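> Just need the structure, nothing else, for what follows:
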Amino acid sequence: MGFFDRLFGVKEKEQLDKGLEKTKEGFFSKITKAIAGKSQIDDDVLDQLEEALISSDVGVDTTLELIEQIQRRVAKDKYIGTAELNQILQEEMQALLIDSKENILDGFSLPEGKKPFVILVVGVNGVGKTTTIGKLATNFKASGKTVMLGAADTFRAAAVDQLTIWSERVGVPIVKKEMGSDPASVAFDAVNSAIAKGVDILIIDTAGRLHNKAHLMEELSKIKRVIQKVIPDAPHETLLVLDGTTGQNAIEQARHFSTATDVTALAITKLDGTAKGGIVLAIANQFKIPVKFIGVGEKAEDLMLFDKRVFVERLFSIS
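Prediction:
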């Protein structure tokens with residue numbers, strides 16, 4: 001049984017706690033300060049709560065939405081104390097995080113008739129895109145699936161080299177060409193090779209930074225078109241990788257890529273390195289795209305399946 005098949009037991013919760021430690025220290029302490037010594041949820045409490053949320057990079061729009069929901073709940077349910085505030089806030093945060101309509105990794109059962117299952121990975125350079133692909137390949141393989149990589153980021157020799165290192169480390173085949181080759185041709189060859197070899201999952205890397213938005217849209221559209229010549233309903237998942245430490249800049253990246261292509265899922269990396277893990281809420285709520293993975297460390301098992309209930313619970317846990 002691979003990592004993705006495991007439920008959130010004690011070990012996984014401890015792992016998540018450790019990864020969110022910096023966020024929890026700042027976020028929870030500010031919320032505690034906001035309600036300390038208060039006998040009711042008044043304007044002062046809400047103002048301090050708003051400040052705590054915004055400073056944790058939950059974002060202004062998402063914060064205001066949360067505050068409005070809390071005010072509505074307090075008025076409707078007649079809460080007059082602050083003991084329930086944490087519970088209300090947790091419930092409203094979970095409500096903002098949309099569920100994936102088709103989480104391909106629930107129980108790690110891929111949809112019938114989707115072989116190979118094609119995952120197109122997008123994101124700017126430096127966010128941990130290649131590392132995320134390597135971790136995905138590692139965990140897919142550990143769960144008994146056969147995997148192939150496609151190195152379609154041909155604009156940087158380092159990108160192809162890094163993906164090659166991961167393919168060798170994990171022990172999975174890779175389709176690549178020399179630097180400067182047409183990325184779409186690499187994707188086309190990768191799909192045909194995956195079909196010929198009967199692999200379960202094909203993960204295709206793409207260029208992290210092109211000259212402008214029009215160029216990016218054109219390139220990604222071309223890759224999708226050539227893939228669909230072979231597999232009409234592919235890619236089955238377009239995964240946008242974002243760096244959680246970049247805060248509001250990650251939102252701009254999400255806007256950029258969601259405009260350029262049909263992003264279906266998010267992977268937010270490096271959450272262990274930031275005190276502003278609230279960015280997960282901001283991005284998921286603003287773009288209505290499900291978060292499927294979060295990165296909380298360097299090891300392959302530190303790429304975790306995202307569970308909104310567990311994530312919010314651990315955010316508020318003291319231990």
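
> Please report how far the most centrally placed residue in the chain lies from residue 170.
In the chain, the C-alpha nearest the mean C-alpha coordinate belongs to residue 267, at 1.9 Å (C-alpha atoms, centre = their mean). Using C-beta to C-beta, to the nearest Å, residue 267 is found at 17 Å from residue 170. Backbone N, C-alpha and C define where each C-beta goes, glycine included.

> Please enumerate the strands of the chain.
Along the chain, counting by DSSP state E, strands occupy 117-122, 147-151, 174-175, 201-205, 237-243, 265-269, 291-295, 303-305.

> that older thread, setting aside sequence neighbours, what's the nearest residue to the residue nearest to the centre of the chain?
Counting by C-beta to C-beta, 6 or more residues apart in numbering, residue 267 lies nearest to residue 293, which is 4.0 Å off, once chain neighbours are set aside.

> Show me how far stretch 173-190 is from its chain's centre.
Remark: stretch 173-190 is offset 25 Å from the chain centroid, using C-alpha atoms, centre = their mean, to the nearest Å.

> quick one: residue 208 from residue 253, how far?
Separation of residue 208 from residue 253 (C-beta to C-beta): 10 Å.

> So for these two, which residues contact both of them?
Listed contacts common to residue 208 and residue 253 are 123-124, 127; contacts here mean C-beta atoms under 8 Å, 6 or more residues apart in numbering.

> ok, back up a step: mind checking which of the strands of the chain is nearest residue 91?
Closest of the strands of the chain to residue 91 is strand 291-295, at 17.9 Å (criterion: C-beta to C-beta).

> For the nearest residue to residue 128 once chain neighbours are set aside, which residues are in contact?
Leaving out its chain neighbours, the residue that sits closest to residue 128 by C-beta to C-beta, 6+ apart is residue 269, at 3.9 Å. The contact partners of residue 269, taken as C-beta under 8 Å, 6+ apart, are 127-128, 131-132, 241-244, 294-295.

> How about the contacts made by residue 18?
272, 296-297.

> for this protein, what spans make up the helices?
Remark: helices assigned in the chain by DSSP state H are 10-19, 21-35, 43-55, 60-77, 85-96, 129-142, 157-170, 183-197, 213-230, 248-260, 279-287, 308-316.

> want to try TSV for the ones you listed, with mean pLDDT and distance to residue 118 as columns?
Output for those, formatted as TSV (pLDDT from 0 to 100; distance: least, C-beta to C-beta, whole Å):
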stretch	mean pLDDT	distance to residue 118
helix 10-19	75	28
helix 21-35	74	33
helix 43-55	86	37
helix 60-77	87	32
helix 85-96	86	30
helix 129-142	92	13
helix 157-170	93	16
helix 183-197	97	7
helix 213-230	89	6
helix 248-260	87	18
helix 279-287	89	22
helix 308-316	83	26
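
> Next, format those helices as JSON lines and append distance to residue 115.
Below are those laid out as JSON lines (distance: least, C-beta to C-beta, whole Å):
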{"stretch": "helix 10-19", "distance to residue 115": "29"}
{"stretch": "helix 21-35", "distance to residue 115": "38"}
{"stretch": "helix 43-55", "distance to residue 115": "43"}
{"stretch": "helix 60-77", "distance to residue 115": "38"}
{"stretch": "helix 85-96", "distance to residue 115": "34"}
{"stretch": "helix 129-142", "distance to residue 115": "13"}
{"stretch": "helix 157-170", "distance to residue 115": "19"}
{"stretch": "helix 183-197", "distance to residue 115": "8"}
{"stretch": "helix 213-230", "distance to residue 115": "13"}
{"stretch": "helix 248-260", "distance to residue 115": "27"}
{"stretch": "helix 279-287", "distance to residue 115": "29"}
{"stretch": "helix 308-316", "distance to residue 115": "29"}
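
> wait, which of the ones you listed is closest to residue 113?
In terms of C-beta to C-beta, the element of the helices of the chain nearest to residue 113 is helix 183-197, at 13.1 Å.

> Can you spell out which helices and strands pack onto the closest one?
Secondary-structure packing of helix 183-197 (3 or more C-beta pairs under 8 Å, 6 or more residues apart in numbering; DSSP states H and E): strand 147-151, strand 174-175, strand 201-205, helix 213-230.

> Tabulate these (TSV), appending mean neighbour count and distance to residue 21.
TSV is the format used below for the helices and strands packed on helix 183-197 (neighbours: other C-beta atoms under 10 Å; distance: least, C-beta to C-beta, whole Å):
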stretch	mean neighbour count	distance to residue 21
strand 147-151	27	31
strand 174-175	22	35
strand 201-205	28	30
helix 213-230	16	35
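
> right, and those - which one's nearest residue 57?
Closest of the helices and strands packed on helix 183-197 to residue 57 is helix 213-230, at 24.1 Å (criterion: C-beta to C-beta).

> relative to strand 147-151, how tilted is the closest one?
In terms of direction (axes from the mean of the first three to the mean of the last three C-alpha atoms, to 10 degrees), helix 213-230 departs from strand 147-151 by 140 degrees.
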